[in-house]
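> Got a sequence here, can you build the structure:
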Amino acid sequence: MEPVRLRSGREVAIRPIRPDDAPELQAAYERLSPESKYRRFMSGKPRLSTAEARYLTQLDGSDHHALVATPARGPQSILAVGRYIRLLEHPEAAEFAIVVGDPHQREGLAAELLERLAQAAREHGIKRFTATMLADNVAAHRLVRRLAAGGMVPHGDGAKVAVERHLGALDEIDVELAA
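Presented below is the predicted three-dimensional model:
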């Protein structure tokens, strides 16, 4: 696995999450700021329980797939996580989520994770991603807007917006916001 060089020059490795990552996933969550925790879960969630960490690390790789970013060298702490979960009611769609540790935000790591998730999803027959994000999550909106082929018109309840990203060829990405 080749290291990925971020904007800061830092090198990270991106790999599938493993069951033995559960304790480090909990530790990575503890390192997030309260704001980053809130933006990820859209509620106050102080910690990940052992059962939640198990659910988030013991995946089938097809319907539930997750990637972690770790330092390319040195201790293998989790810096960021991206995942998708196939929607039972729409098997060609999956909900995606990405969280990047506070010291590593704005380095292009979320975009790297999203593109690799999209590639894995396409390989498993998923044709579109959906996500719900806070309307004031500027960084997430910037990421989606940058990856979108066209403009975005926000829809939602004022606090949250729903995003849909079709997983065509990377130069054919389409993003639509839905109520």
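> drop to CA atoms for contacts and neighbour counts, all remaining ones
Noted.
> Show the contacting residues for the residue sitting furthest away from the middle of the chain.
Using C-alpha atoms, centre = their mean, the residue of the chain lying farthest from its centre is residue 74. It sits 23.4 Å away. By C-alpha atoms under 8 Å, 6 or more residues apart in numbering, the contact set of residue 74 is empty.
> Now do the SS call for it.
Recorded secondary structure, residue 74: coil (DSSP: H, G, I helix; E, B strand; the rest coil).
> Let me know the pLDDT of residue 76.
What the model reports for residue 76 is a pLDDT of 83.
> And it, its phi and psi?
Note on residue 76: backbone dihedrals following degrees, to the nearest 10 are phi -90, psi 60.
> same question, residue 125
Dihedral angles of residue 125 (phi, psi; degrees, to the nearest 10) stand at phi 80, psi 10.
> That one is in contact with residue 92, isn't it?
Yes - using C-alpha atoms under 8 Å, residue 125 makes contact with residue 92 at a distance of 6.3 Å.
> May I ask you to confirm that residue 139 belongs to a helix?
Yes - if the criterion is three-state DSSP, then residue 139 is within a helix.
> Count residues in the vicinity of it, would you?
By other C-alpha atoms under 10 Å, the residues close to residue 139 number 12.
> What separation is there between it and residue 88?
Residue 139 sits 29 Å away from residue 88, going by C-alpha to C-alpha, to the nearest Å.
> Centroid-nearest residue for this structure?
residue 98 (1.9 Å).
> pLDDT score for the nearest residue to it once chain neighbours are set aside?
Distances taken as C-alpha to C-alpha, 6 or more residues apart in numbering put residue 82 closest to residue 98, at 4.2 Å, once the chain neighbours are dropped. We note a pLDDT of 95 for residue 82 in this prediction.
> Parallel or antiparallel, list what pairs with the helix or strand hosting residue 82.
Secondary structure from DSSP states H and E places residue 82 in strand 80-87. Paired strands of strand 80-87, with direction, are strand 64-71 (antiparallel), strand 90-100 (antiparallel) (DSSP bridges).
> Quick check: which of those strands is nearest to residue 117?
strand 64-71 (7.5 Å; C-alpha to C-alpha).
> Buried residues, that closest one. List them.
Buried residues in strand 64-71, defined by neighbour count with 16 or more other C-alpha atoms under 10 Å: 64-71.
> Could you check how far the residue farthest from the centre of the chain is from residue 114?
For residue 74, the distance to residue 114 - C-alpha to C-alpha - is 24 Å.
> Low-confidence ranges, the chain, go.
For the chain, residues meeting the criterion pLDDT under 70 lie at 1, 134-135, 137, 140-166, 168-179.
> which residues of it fall in helices?
22-31, 34-41, 50-57, 109-123, 138-147 (DSSP state H).
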